[in-house]
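[1] here is my input; please provide its structure:
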Amino acid sequence: MRSAVITGVALLGAVVAVGLGHMHPFGDPHAEAGAEPAKLAGMLLHDAGLPEASRAVLVAKCADCHSDETAWPAYARVAPGSWLIERDVIEGRKHMNLSHWSELTPEAQQTLESKIAHEAKSGAMPPLQYLAIHWSARLSDADVKSLVALGRSSGGGEASLGGEGDPAHGKLVFEKRCTGCHAMDANRDAPKLTGAYGRKAGSVPGFTYSHALKNSSILWDEATLNRWLIDTESVVKDNNMDFSLPKADERRDIIAYLKQSGGQ
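    Numbering: from 1, shown residues only. Sure, this is the predicted structure:
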């Protein structure tokens, strides 16, 4: 009798959990998904102009949380775990939705490419709590290399700055291209930048730098910042930042903005 009661309670609990799984306290991310997620995922970013190796990693390792083509496992229908999974997907899509990549401006795409590269290289993504259940989403060294290439996909650019910079325009470029990781007055995914001009690299208190950058002895001035904004890896190998600003006028103006914003 006792065994039957325990079994009955367990079955009732399972039914309730599945029933509650149809509730969506954080919103219903299923409503946004395509009708055939697996098929649509194969088309994801196909016309985005990204390197094919990078695109393949984004689709295979990132699309479940960062696109409308989420593949939902069976356990994602059972509450309360389903609620947490749905919340993560909703938040993931807010930060980056690969299904709407083509709707972004070129500047917004470049900003996301740089952030993807930075978070892949630093190990910030995928988060540990996600990997605990989805081990297959772990990024291999080859995956990281492919995503890091995104941060340099528009690299190159003229080495010369030429002329005086416009700090007002530099602020606009900074807000479009840099605020995904940087703020002027607070450490975020990257260190605060007020006072960056004239400062020794790797010296902002309270921020954890890569060993390579912290020990680089670089002083940020027009020449070093210009080279850094063209290709960070060419300045300091194995640093945690991957970014490229190929247009010389944008580099010149951002440097003028940094110089004006507390630099000495």
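[2] contacts, neighbours, all on C-alpha from now
    Noted.
[3] how about the helices of the stretch 1-150 of the chain, start to end?
    Shown for the stretch 1-150 of the chain, the helices assigned by DSSP state H, counting those that start in this stretch span residues 2-20, 37-43, 52-57, 63-66, 81-95, 106-122, 128-131, 141-148.
[4] least confident of these, on average?
    Least confident of those, judged by mean pLDDT, is helix 2-20 with a mean of 51.
[5] from memory Val204 sits against Thr194, does it?
    No: with contact defined as CA atoms under 8 Å, Val204 does not reach Thr194; the gap is 10.1 Å.
[6] pull the number of nearby residues for the closest residue to Ser82 other than its chain neighbours.
    Closest residue to Ser82 apart from its sequence neighbours, by CA to CA, 6 or more residues apart in numbering: Ala76 at 4.5 Å. Burial of Ala76 is recorded as 17 neighbouring residues (other CA atoms under 10 Å).
[7] quick thing: my sequence starts at 507, can you match it?
    Right, with 507 as the first residue, what we last looked at is Ala582.
[8] ok, Ala582 to Pro632 distance?
    18 Å (CA to CA, to the nearest Å).
[9] my guess is the residue nearest to Ser588 meets Val595, correct?
    No: using CA under 8 Å, Ala582 makes no contact with Val595, being 11.0 Å away.
[10] quickly list what's touching both of the two.
    By CA atoms under 8 Å, 6 or more residues apart in numbering, Ala582 and Val595 have no common neighbours.
[11] where does the stretch 657-770 of the chain dip in pLDDT?
    Along the stretch 657-770 of the chain, the parts satisfying pLDDT under 70 run over 657-668, 769-770.
[12] picking that back up, pLDDT wise, what is the residue nearest to Ser588 at?
    Ala582 is assigned a pLDDT of 71 by the prediction.
[13] quick one, what contacts the nearest residue to Leu604 once chain neighbours are set aside?
    Excluding its sequence neighbours, the residue lying closest to Leu604 (CA to CA, 6+ apart) is Ser573, at 4.9 Å. Contacts for Ser573 (CA under 8 Å, 6+ apart) come out as 599, 602-606.
[14] from His601, how far off is Ser573?
    Distance, Ser573 to His601, by CA to CA: 10 Å.
[15] try Pro579
    Taken as CA to CA, the span from Pro579 to His601 is 22 Å.
[16] please identify which of these two sits among more neighbours.
    Taking other CA under 10 Å, Pro579 and His601 do not tie; His601 has more neighbours (12 against 8).
[17] buried residues, stretch 609-617. List them.
    Residues of stretch 609-617 classed as buried: 615-617 (neighbour count, 16 or more other CA atoms under 10 Å).
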